[in-house]
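[1] one predicted model, sequence on top.
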Amino acid sequence: MKLLRYLYVFREFVLISLLFMTIERIVSYKLLTNYINPDYHIFVYLALIILLIFAAFAMVPASGRDVNEKSSGLGKYMVFIILIILMNLPHDSNLFYEHLQEEREFNLQADLSEKTGKKRISEISELDHNGTSLPGAISDKNSSKGEVFKIEQDNFYSAMEDIFKNSEKYQNMKLEVKGFVYKSKKLKKDRYIIARLVMYCCAADAGITGLIFDAEKTGVSFKKDEWLELCGYIEMQNAGSSRKEDKAPVLVVESYKKIPPESSPYVYPVNQ
């Protein structure tokens with residue numbers, strides 16, 4: 001009981017210290033990329049320094065308290081307690097996938113681009129980001145037919161963006177891509193999306209981006225959220241379940257293999 005009294009006397013110091021240790025654990029175990037885009041990690045490091053300062057100042061009021069004082073008014077600390085508990089819970093990405101699949105469906109309707117006068121696929125996988133630099137995209141110099149363009153975590157977002165903006169450059173090109181399986185109700189029976197989660201700022205604003213793939217040649221029905229490495233070539237096809245849908249780049253799968261899930265399902269467009 002005396003230990004509990006001491007914990008109550010130093011309650012601010014204890015809570016701030018627990019919050020500091022929780023965040024530090026996330027950083028040291030390299031879990032921060034599951035929550036925040038790496039470009040914003042500097043703010044987390046600054047927060048750790050501020051928490052250390054707050055913890056030191058929290059010792060001042062605690063030193064003047066009586067260890068026998070009655071415990072009361074713990075309600076105002078519930079926000080900190082709940083936050084610390086939530087941050088220490090296991091990260092279940094499957095629950096997050098379910099949320100995304102229920103809330104964010106693909107839109108396969110085409111609209112007219114005023115700038116180019118050409119039809120494009122709108123919001124097919126949130127690829128209308130305003131980025132102009134595409135370091136992960138393939139260049140005209142290395143787009144020879146015999147070459148296989150590999151799409152992995154580091155260049156996933158920029159490659160997807162370039163494929164939809166410059167589809168003609170990728171026509172009949174061999175691609176190798178890794179990601180998890182997403183199934184939209186707006187796609188045909190043998191159509192899926194090889195996808196990743198795009199994190200612009202933090203996990204709360206994450207969305208799915210990816211490339212439609214045709215699995216008819218494989219004769220396999222893939223399960224949602226399983227990770228695959230696909231190899232095939234790009235064709236412009238009617239991708240949706242409706243005949244009115246405009247053509248979109250589709251990966252015709254020639255071979256595949258199941259792979260272990262990546263350490264993180266996220267890609268970060270700011271870094272690409």
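    Cool, the structure landed. Numbers count the residues shown, from 1 in each chain.
[2] C-alpha only now, for contacts and for neighbours.
    Noted.
[3] is it true that residue 156 touches residue 267?
    Yes: under the criterion of C-alpha atoms under 8 Å, residue 156 makes contact with residue 267 at 7.0 Å.
[4] overlap in contacts, those two.
    Residues touching both residue 156 and residue 267 (C-alpha atoms under 8 Å, 6 or more residues apart in numbering): residue 196.
[5] buried ones in the helix ranked longest in the chain?
    As assigned by DSSP state H, the longest helix anywhere in the chain is helix 41-63. By neighbour count with 16 or more other C-alpha atoms under 10 Å, helix 41-63 contains the buried residues 48, 51, 55, 58, 59, 62.
[6] so what does that helix touch, helix or strand wise?
    Where contact means 3 or more C-alpha pairs under 8 Å, 6 or more residues apart in numbering; DSSP states H and E, helix 41-63 is packed against helix 11-28.
[7] ok, which stretches of this structure are helices?
    2-9, 11-28, 41-63, 78-87, 93-103, 156-165, 167-170.
[8] same list, these, but as JSON lines with distance to residue 260 and mean pLDDT please.
    Listed next are the helices of the chain as JSON lines, based on distance: least, C-alpha to C-alpha, whole Å; pLDDT from 0 to 100:
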{"stretch": "helix 2-9", "distance to residue 260": "44", "mean pLDDT": "73"}
{"stretch": "helix 11-28", "distance to residue 260": "22", "mean pLDDT": "90"}
{"stretch": "helix 41-63", "distance to residue 260": "27", "mean pLDDT": "90"}
{"stretch": "helix 78-87", "distance to residue 260": "25", "mean pLDDT": "86"}
{"stretch": "helix 93-103", "distance to residue 260": "14", "mean pLDDT": "45"}
{"stretch": "helix 156-165", "distance to residue 260": "18", "mean pLDDT": "90"}
{"stretch": "helix 167-170", "distance to residue 260": "28", "mean pLDDT": "87"}
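[9] kindly provide the distance from the nearest residue to residue 249 once chain neighbours are set aside to residue 251.
    Closest residue to residue 249 apart from its sequence neighbours, by C-alpha to C-alpha, 6 or more residues apart in numbering: residue 236 at 4.6 Å. Applying C-alpha to C-alpha, to the nearest Å, the value for residue 236 to residue 251 is 9 Å.
[10] ok, these two, which is more surrounded?
    residue 251 (30 against 17; other C-alpha atoms under 10 Å).
[11] the residue found closest to residue 62 once you drop the neighbours it is linked to in the chain and residue 79, how far apart?
    In space, and not counting its chain neighbours, residue 62 is closest to residue 10: 5.2 Å by C-alpha to C-alpha, 6+ apart. Residue 10 sits 17 Å away from residue 79, going by C-alpha to C-alpha.
[12] same drill for these two, tell me which one is more crowded.
    Using other C-alpha under 10 Å, the more surrounded residue of residue 10 and residue 79 is residue 10, with 19 against 9.
[13] so that one makes contact with residue 56?
    No: counting by C-alpha under 8 Å, residue 10 sits too far from residue 56 to count as a contact (11.3 Å).
[14] what's the first-to-last distance across stretch 191-204?
    So stretch 191-204: terminal residues 28 Å apart, C-alpha to C-alpha.
[15] quick check: buried residues in that stretch?
    For stretch 191-204, using 16+ other C-alpha under 10 Å, the buried residues are 191-203.
[16] rebuild the helices of the chain as TSV, extending it with distance to residue 218.
    Formatted as TSV, these follow (distance: least, C-alpha to C-alpha, whole Å):
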stretch	distance to residue 218
helix 2-9	62
helix 11-28	40
helix 41-63	42
helix 78-87	41
helix 93-103	24
helix 156-165	23
helix 167-170	22
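[17] any idea which of those gets closest to residue 256?
    helix 156-165 (17.7 Å; C-alpha to C-alpha).
[18] list the buried residues for the closest one?
    Neighbour count says helix 156-165 has 156, 157, 158, 159, 160, 161, 162, 163, 164 buried, by 16+ other C-alpha under 10 Å.
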